[in-house]
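Engineer: here you go, sequence then predicted model.
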Amino acid sequence: MIHLHRFFIASLFLLTNGLAFAQDYTLAEVIKAATATNPIRKADEFREIAAEKSVDVARSSYYPQITGMGIATNGFPGSSGALGIGGISGSSYRSGPSVGILLEQNIWDFGQTANKVEAAKRFVDIAQKLSKETQLQVSASAIDIFFVCSRDRSLAELSKKISDEAAQIETEVNKYVNTGQDSIVGKYLSKIQTEEALTNAKVFLQRYQLDLDDIHFLVGEKDLTMTCPLLTSSLIDTESAKKSSDLSNNPELRFTIAELDLAHAELKVAESKYYPQILALASAGYIRKTQLNEIERKQYAVAIGFTMPIFDGFSKSSEVAATRARQDQKENEVAAKKFELERSVKLLDKNIASLQLEIKQLEANAKTSNEAFTLARKRYLDRMGNLTDLREAIRADSQIQIHLKESEASLARNLANKDLLLGLYSTSTN
């Protein structure tokens, strides 16, 4: 049993500490790599490109629209308007085939195009904010697996230390049993103690190895010498607990506000549809046959005019009412999101305060349990105490140490999640 223990402990030491040149990930590296390699990143990039192109589409109304046209008819002239052929080729004086070119220019539409461009820009902003929101979700997963891995690596290290102590006690007990100074029952009890410590070590080691697989998969890392760090005080950012709950940089809130900005812009677009539009038109073309002899076959035409909606069956007023209702909806969604996030921060603060109090008590308990174990061991070796006291002391000490590490990992994760919620972690891969 002792030889098996030594072999396992040697394997555990190599696996948890790695090679001499192994490097520990930092939390920032895991977050950056996870957001950069996640497939959703590419989807976000193409969404942003599509949104940016919608701005170009909206701006196209500022430019002239040039269309080539051709038509050939027979029968009564001017009866082919349903084809949508305009300019010279669409003239009611034309008969037979004709070709031409038509230029249309929006001279002034009283802000209709400008409002459409602004709405398109707000759509770009939404696409960018949505990218940040999806990266926030990936970052949250990265934070969880990072601290779970650090916790399990630390517990594997702690279990190694506990199993070392259990094996040493088993060796000492066996000496007393072999010399008749202790009962044979003590030999089996100490063996059970060592096996229990080894089982815990195996469990934590297996969990640590699975955590490493998760991290390597999450960050797309093929260098398996990279590992998560041991859980130390440097990983627990206690300053986060003191930070103000300023949610202005939260990606979810900024996305909701961007949706409200889009609703404002869409309302302006809907309202501007009541405005007139001044247009210019120029056309030139060739008419093979005309109804009037004095008309030359090569002709041109220029015109300027305006259009203004008078009555459309309440279509525009209904559209304005609908967009105004969407704007009101988004305003309430912003308020709801703020309430939700503020509540989340309060819950995190509550958990952080509770864990800090728990850790403080566990640290005091750990100090007491370690003293109790040291005393129980000394008394047993001096033949003043019994094995039961020693076994209870080592079990209590190991349970408190494990509980302390788990609480420290929970505190570190809660503090990091608070920073993430406040938008203090950069999810940009640039």
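Structural biologist: Here it is on my side, so go on. Residues are numbered from 1 along each chain as shown.

Engineer: what ranges does the stretch 101-250 of the chain have for its strands?
Structural biologist: 226-227 (DSSP state E, counting those that start in this stretch).

Engineer: which residue ranges form the helices in the stretch 201-350 of the chain?
Structural biologist: In the stretch 201-350 of the chain, the helices defined using DSSP state H, counting those that start in this stretch lie at 251-272, 315-381.

Engineer: alpha carbons of stretch 120-137, as PDB, please.
Structural biologist: Extracted in PDB, the C-alpha atoms of stretch 120-137 (Å, rounded to 0.1, in the frame of the first residue of the first chain):
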ATOM      1  CA  ALA A 120     -28.900  52.500 -40.600                       C
ATOM      2  CA  LYS A 121     -26.100  53.800 -38.400                       C
ATOM      3  CA  ARG A 122     -28.000  52.900 -35.300                       C
ATOM      4  CA  PHE A 123     -28.400  49.400 -36.700                       C
ATOM      5  CA  VAL A 124     -24.600  49.200 -37.100                       C
ATOM      6  CA  ASP A 125     -24.300  50.300 -33.400                       C
ATOM      7  CA  ILE A 126     -26.700  47.500 -32.400                       C
ATOM      8  CA  ALA A 127     -24.700  44.900 -34.400                       C
ATOM      9  CA  GLN A 128     -21.500  46.000 -32.600                       C
ATOM     10  CA  LYS A 129     -23.200  46.000 -29.200                       C
ATOM     11  CA  LEU A 130     -24.600  42.600 -29.800                       C
ATOM     12  CA  SER A 131     -21.100  41.400 -30.600                       C
ATOM     13  CA  LYS A 132     -20.000  42.700 -27.200                       C
ATOM     14  CA  GLU A 133     -23.000  41.000 -25.500                       C
ATOM     15  CA  THR A 134     -22.200  37.600 -27.100                       C
ATOM     16  CA  GLN A 135     -18.600  38.000 -26.100                       C
ATOM     17  CA  LEU A 136     -19.800  38.700 -22.500                       C
ATOM     18  CA  GLN A 137     -21.500  35.300 -22.500                       C
END
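
Engineer: which stretches of the stretch 51-200 of the chain aren't confidently modelled?
Structural biologist: Scanning the stretch 51-200 of the chain for pLDDT under 70 picks out 77-78.

Engineer: all helices of it, in order?
Structural biologist: 112-178, 184-219.

Engineer: just to revisit the earlier point, now, of the helices of the stretch 201-350 of the chain, which is deepest in the fold?
Structural biologist: Most buried of the helices of the stretch 201-350 of the chain, by mean neighbour count (mean count of other C-beta atoms under 10 Å): helix 251-272, with a mean of 20. Heads up, the C-betas are built off the backbone N, CA and C, glycines and all.

Engineer: how about residues contacting it?
Structural biologist: Here helix 251-272 makes contact (C-beta atoms under 8 Å, 6 or more residues apart in numbering) with 109-112, 115-116, 118-119, 121-123, 125-126, 129-130, 132-133, 135-136, 247-248, 316, 319-320, 322-324, 326-327, 329-331, 333-334, 337-338, 341, 423, 427.

Engineer: that one vs helix 315-381, what angle?
Structural biologist: Helix 251-272 runs at 180 degrees relative to helix 315-381, counting by axes from the mean of the first three to the mean of the last three C-alpha atoms, to 10 degrees.

Engineer: the closest residue to residue 37 other than its chain neighbours: neighbouring residues, count only.
Structural biologist: Nearest non-adjacent residue to residue 37, counting by C-beta to C-beta, 6 or more residues apart in numbering: residue 220, 3.6 Å away. For residue 220, the count of nearby residues is 11 (other C-beta atoms under 10 Å).

Engineer: state the distance from residue 220 to residue 138.
Structural biologist: Note on residue 220: its distance to residue 138, by C-beta to C-beta, to the nearest Å, is 12 Å.

Engineer: residue 163 now?
Structural biologist: For residue 163, the distance to residue 138 - C-beta to C-beta - is 37 Å.

Engineer: name the residue in those two with the higher neighbour count.
Structural biologist: More neighbours surround residue 163 than the other of residue 163 and residue 138, with 25 against 19 (other C-beta under 10 Å).

Engineer: for residue 203, see how far away the more buried one is.
Structural biologist: Residue 163 is 12 Å from residue 203, by C-beta to C-beta.

Engineer: with residue 35 instead?
Structural biologist: 32 Å.

Engineer: give me the more crowded residue out of these two.
Structural biologist: residue 35 (26 against 14).

Engineer: helix or strand: which one has the more buried one?
Structural biologist: Element membership of residue 35 [criterion: DSSP states H and E] is helix 27-37.

Engineer: same for that helix, what does it pack against?
Structural biologist: Under the contact criterion of 3 or more C-beta pairs under 8 Å, 6 or more residues apart in numbering; DSSP states H and E, helix 27-37 touches helix 112-178, helix 184-219.

Engineer: of the ones you listed, which approaches residue 234 most closely?
Structural biologist: For those, distance to residue 234 was read as C-beta to C-beta. The smallest value, 11.0 Å, belongs to helix 112-178.

Engineer: any idea of the angle the closest one forms with helix 184-219?
Structural biologist: 160 degrees.

Engineer: from the contact counts, what lies against helix 112-178?
Structural biologist: helix 2-17, helix 27-37, helix 40-59, helix 184-219, helix 251-272, helix 315-381, helix 387-421.

Engineer: and if we set it to 7 Å?
Structural biologist: helix 2-17, helix 27-37, helix 40-59, helix 184-219, helix 251-272, helix 387-421 (3 or more C-beta pairs under 7 Å, 6 or more residues apart in numbering; DSSP states H and E).

Engineer: just put these in JSON lines and tack on distance to residue 364.
Structural biologist: Output for the helices and strands packed on helix 112-178, formatted as JSON lines (distance: least, C-beta to C-beta, whole Å):
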{"stretch": "helix 2-17", "distance to residue 364": "28"}
{"stretch": "helix 27-37", "distance to residue 364": "29"}
{"stretch": "helix 40-59", "distance to residue 364": "45"}
{"stretch": "helix 184-219", "distance to residue 364": "23"}
{"stretch": "helix 251-272", "distance to residue 364": "39"}
{"stretch": "helix 387-421", "distance to residue 364": "10"}
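
Engineer: out of those helices, which is closest to residue 230?
Structural biologist: Using C-beta to C-beta, the nearest of the helices and strands packed on helix 112-178 to residue 230 is helix 2-17, at 8.6 Å.

Engineer: what about that closest one, average pLDDT?
Structural biologist: Throughout helix 2-17, pLDDT has a mean value of 51.

Engineer: any buried residues in stretch 393-408, and which?
Structural biologist: Neighbour counts using 16 or more other C-beta atoms under 10 Å place 393-398, 400-402, 404-408 of stretch 393-408 among the buried residues.

Engineer: what's the answer for stretch 34-41, then?
Structural biologist: Result for stretch 34-41 [16+ other C-beta under 10 Å]: buried residues 34-36, 38, 41.
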